[in-house]
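> just need the structure, nothing else, for what follows:
(chains A and B)
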Amino acid sequence: MYIPAIVLFAVFVLYPLIQGIGLAFTNWDGYSPDKKFVGLDNFARLFTDTTFLTALRNTLLYGFGCTVLQQILGLALALALDGGGRLRTGARAIIYLPVLVSPVVMGMMYSFLFQYDRGALNDILVSIGVPRVAWLSSGAGAVAIIILINTLQFVGLSMVIYLAGLHCIGTEVYEAAEIDGARGWKLLTTITIPLLRASFISSMIINLIGGLKLFDVIQVLTGGGPGYASHSVSTLIGRTYFGQQAAGYASAMGVALFILIALVSVFLVARMDRSGRDA
Amino acid sequence: MTSQRIARTSSALTSTKWVFLAIVVVVQLTPFYLAVTTAFKSITDRSSLWIPPIGDATLDNFRTAMTEGHLVWAIENGLVVTIIGTLLTCVVGAMAAYPLARRTSKLNSVVGLAMLGMLMVPPLSILVPLYTMLARVGLLNTFGGIILVLTTLQLPLAIFLFTQFMRGLPNSLEEAASIDGAGLFTTFVLVVLPSLKPVIATVTILTATNVWNEFALSSYILTTPEMRTLAPAAASFFSAQGNNFGAAAAAALVGLLPILIAYLFLQKYFVKGALAGAEK
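So this is what the prediction gives:
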């Protein structure tokens, strides 16, 4: 009964994946009938192409930068919002809301904040006598703002994962620790955080893979610019294929992205299995 | 003395906590607030986006977005793709999960792992071959093409959730059915399917949200305004708008509204779905 699912995976994931590996060894332009086998040329080019290397660096920044910020902020929010009460419930609902919104829409809405001319943030600066800042006109600024937006959009996911984790720690553990004299910060670092290990790993896997695949916000907010400075590998693949008709080279980037994410996933899942066995 | 000091530090801690929460809540609400104030402002109103358009609020921006942005088409297309894609994901996913949950063999556990492994393939990494293949078989810029692609991408999570749920079901009824001579498929339809309601709700909400919001592949596979779903339509309208913030904000709100309404009514299921997905 899993034949239909296998057929879909074979046709729409595995076949393209294998064909993509094949195309990565050619100089195909994406439309003409002939293509030439060029060996490892495309892969060699990846290592010297500063545009690709910038996109690769950005991809790692998006992946790891967002993940680190989301764990810190998500855990802090979970600790602050653990418990009942209308205020807490309302705050949880609001903080989680952006998770469900299309990143395209989030990017559009955030652009009203960061625009140069009529941007809301610059309005505040002007009103307190500070000159306008061109938030998105430098590569570093654009990358930082994309990290910020993606972090805030999905921090709610980390928060609910940590809240669920906190829920699983019984009150007895805390009572016992308090009798032993553990309080405040010590309670947090010796009891709470170690016991949240499983939540930590699953939250990290989701955030990391999401960040390494980042596409939507970049495309909407900066289109990869200024120049090529805020591209991720994902957005650069689309650009290389449709903008420069370099289908073979774009396929090589695809293979590189697949290898990157597969390595990270396998590494993290292996860690998760081990921590599952320890517990 | 000591207990007084503890009380004082803990109340300081509590107020710091609430200040921190208030800041995060305000930050999270800011983009939504700006979209609302901007969307109802007339194009000639150049006041700061922070200021709501009291008095001369207008719906012009929504008219512009609906007509020039082709958002009516986009909503219709989005509904077609989301409803059929979600239905297909549930049916194919539940069918695939059943043998994986009930017949534990070496082959089945390998198949199950391989399916979950599909999550490791980033959609953009297969853009070139996928696009060329769809073009070759005439599925480019068709509902059929995008539905099949998005269903496939949603399947690993759906299969995982169905398998987990089915493992928790007692199989005494199924055994009774098979003693009565019912085949695997008959048992599945008559006995298993009706008891899957809770997990179907979870999978439906997760899949529908993901498909409705999908942008990366849809923006390349759906090439004309007549076929575009909401996210690609809103994005292409947004990039064509330049400085017409009002119309862009209106388009953003139109894209937001269905999700917002669903969230208001089904909040518990959304969070439950996210957590179920996180356990993988």
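> and the closest residue to B:Lys41 other than its chain neighbours, helix, strand or coil?
Distance criterion Cβ to Cβ, 6 or more residues apart in numbering or on different chains; nearest residue to B:Lys41, sequence neighbours excluded, is B:Pro53 at 4.3 Å. Every C-beta, even on glycine, is put in place using the N, C-alpha and C of the backbone. Following DSSP: H, G, I helix; E, B strand; the rest coil, we place B:Pro53 in the coil state.
> pull the contacting residues for residue 218.
You didn't pick a chain, so chain A it is. A:Ile146, A:Gly224, A:Ser230, A:His231, A:Ser232, A:Ser234, A:Thr235 (Cβ atoms under 8 Å, 6 or more residues apart in numbering or on different chains).
> sorry, I should have been clearer: chain B.
Shown in contact with B:Ser218 (Cβ under 8 Å, 6+ apart): B:Ile146, B:Leu150, B:Arg228, B:Thr229, B:Ala231, B:Pro232.
> tell me which helix or strand the last one sits in.
Applying DSSP states H and E as the criterion places B:Pro232 in helix B:230-241.
> who touches that helix?
Here helix B:230-241 has contacts from A:102, A:104-105, A:108, A:111, A:216, A:219-220, A:223, B:65, B:68-71, B:73-75, B:77-78, B:212-215, B:218-219, B:222, B:225, B:228, B:247-248, B:251-252, B:254-255, using Cβ under 8 Å, 6+ apart.
> can you flag the buried ones in those residues?
A:102, A:104-105, A:108, A:111, A:216, A:219-220, B:65, B:69-71, B:73-75, B:77-78, B:212-215, B:218-219, B:222, B:225, B:228, B:247-248, B:251-252, B:254-255 (16 or more other Cβ atoms under 10 Å in any protein chain shown).
> tell me the helix or strand right after the helix holding B:Pro232.
According to DSSP H and E, the helix or strand after helix B:230-241 is helix B:245-278.
> related to what we said a few turns ago, how about the helix holding B:Pro232: buried residues?
B:Leu230, B:Ala231, B:Pro232, B:Ala233, B:Ala234, B:Ala235, B:Ser236, B:Phe237, B:Phe238, B:Gln241.
> low-confidence ranges in chain B?
B:1-12, B:277-280 (pLDDT under 70).
> against chain A, how distant is B:Ser109?
Using Cβ to the nearest Cβ, to the nearest Å, one gets 12 Å for the distance from B:Ser109 to chain A.
> that residue in helix, strand or coil?
Per three-state DSSP, the local secondary structure of B:Ser109 is helix.
> need the helices for chain B, in chain order.
For chain B, the helices defined by DSSP state H cover B:2-39, B:60-68, B:71-102, B:106-117, B:127-136, B:143-167, B:172-179, B:184-187, B:197-213, B:216-221, B:230-241, B:245-278.
> which of the contacts of A:Ile218 are close to chain B?
A:Ser234, A:Thr235 (Cβ under 8 Å from any Cβ of the partner chain).
> make a markdown table from the contacts of A:Ile218 and add neighbour count, pLDDT and secondary structure to it.
Listed next are the contacts of A:Ile218 as a markdown table, based on neighbours: other Cβ atoms under 10 Å in any protein chain shown; pLDDT from 0 to 100; DSSP: H, G, I helix; E, B strand; the rest coil:
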| residue | neighbour count | pLDDT | secondary structure |
| --- | --- | --- | --- |
| A:Ile146 | 25 | 97 | helix |
| A:Gly224 | 23 | 92 | coil |
| A:Ser230 | 29 | 96 | coil |
| A:His231 | 29 | 97 | coil |
| A:Ser232 | 30 | 97 | coil |
| A:Ser234 | 27 | 96 | helix |
| A:Thr235 | 25 | 96 | helix |
